[in-house]
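S.K.: Sequence and predicted structure below; questions after.
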Amino acid sequence: MVGIRTITIAVACGVVACVAVPAVGQESLRTAWGTPDLQGVWDFRTITPLERPEDSGETLLLSEEETARLEQEAVDRDIRLWERDAQRTEAGGNVGGYNNFWMDTGTTSTGRTSLVTDPANGRIPPTTETGGVRRTRVGSFNVEIPTSYTELSNADRCLLGFNAGPPITPGGYNQNIQFFQTEDYVVVLTEMVHTARIIPLGDQPSLSDSIRQWSGDSRGHWESDTLVVETTNFQDHDAYSTWRGSSKDMKLVERFRIVDADTLSYEFTVNDPATWTSSWTAEVPMTRNELPLFEYACHEGNYAMDAMLAGARAEERKAAQGGQ
């Protein structure tokens, strides 16, 4: 499910994320038709949490010393987990998840205490009552033994979800996107679940409200050198949300802006009154990656679905035989 990439340390990343830097204007960073050239692979790994930890209080920025310490701790943790002796899994109870070999959460900090920039407390606003219910069903962690595939979310079935969004948020592994551009379209291909959003540019009309899509209906336009993507018409998520409990009426605005040849600023604003009590915004710095995207091959979708449902059938046979 994941490719392993070289660990890099870049303390200066925090400066890029936290200081307003004018977009560069070199011809090499523009397309033949004059717009900023976003094409290529962009890496959005970071150890900065989406929400500000409560013990950080009102602190917005980390000191250089704190940033360096957190990044070194991330490197040390990876090395410690890679080098420890193998542990055999024992049947029964919680058998755990992937070991650290499969994880790829990065080792660099943005220098901020959270990716959320609004509200000022760095935390996602409280959920509504219905949003809270959807939030518990993002995955199937509340299903002990699923009796049907309908009890498992599309994320469980490796069809959608995880960090692919939209919006795109760091987490787990396969943390890269690739941009393709023409004068009339932009394509955002995510490494996770190989999801591709084909985004028309300009004045093309949006889809009818009756047409819903898992990744929504996106339309893009340029505001100076910033690509603005507005997305609506999400699929009805009342049964299982594919993104943090969001509803079908979520309105998402994403902004992509080149900071320099190797840095892309990605900012998104979520407006979903059916899920959160107010809108909120986050910013994720992305760095250019010269490596190609890895193929996404989901073991769970290929094998674990059969295994989980086979467990349910075994429980049913056991019950039919009087518990024997």
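M.R.: Structure's in. What do you need? Numbers count the residues shown, from 1 in each chain.
S.K.: where in this protein is pLDDT low?
M.R.: By pLDDT under 70, the low-scoring segments of the chain are 1-27, 91-96, 137-144, 161, 237-242, 299-302, 323-324.
S.K.: Just the strands from it, written as ranges.
M.R.: 40-43, 116-118, 176-181, 185-190, 196-200, 217-223, 226-232, 251-260, 263-271, 280-289 (DSSP state E).
S.K.: how about the ones you listed, which one is nearest R157?
M.R.: strand 185-190 (16.9 Å; C-beta to C-beta). Glycine gets a C-beta too; all of them are placed from N, C-alpha and C.
S.K.: which residues are contacting that closest one?
M.R.: 38, 163-165, 168, 174, 176-181, 195-201, 220, 227, 229, 293 (C-beta atoms under 8 Å, 6 or more residues apart in numbering).
S.K.: Selection in PyMOL covering whichever of those residues are buried, please.
M.R.: Entered in PyMOL, the line below selects the buried ones among these, by 16 or more other C-beta atoms under 10 Å:
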select buried, resi 38+163+164+165+168+174+176+177+178+179+181+195+197+199+200+201+220+227+229+293
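S.K.: ok, back up a step: could you redo the strands of the chain as TSV and give each row distance to T107?
M.R.: Output for those, formatted as TSV (distance: least, C-beta to C-beta, whole Å):
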stretch	distance to T107
strand 40-43	12
strand 116-118	21
strand 176-181	16
strand 185-190	21
strand 196-200	28
strand 217-223	32
strand 226-232	28
strand 251-260	20
strand 263-271	17
strand 280-289	12
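S.K.: now for the ones you listed, which one comes closest to W82?
M.R.: strand 40-43 (20.1 Å).
S.K.: And for W42, nearest residue in space, chain neighbours not counted?
M.R.: Nearest residue to W42, sequence neighbours excluded (C-beta to C-beta, 6 or more residues apart in numbering): M286, at 4.0 Å.
S.K.: Equivalent analysis for N99, please.
M.R.: In this structure, N99 finds its nearest non-sequential neighbour in L81, 7.3 Å apart by C-beta to C-beta, 6+ apart.
S.K.: V228 versus W33, what's the distance?
M.R.: To V228, W33 is 18 Å away according to C-beta to C-beta, to the nearest Å.
S.K.: Compare those two and say which one has the larger neighbour count.
M.R.: Neighbour totals were compared for W33 and V228, and V228 leads with 16 against 10 (other C-beta atoms under 10 Å).
S.K.: So what pairs up with that one in the strands?
M.R.: H221, R255 (DSSP bridges).
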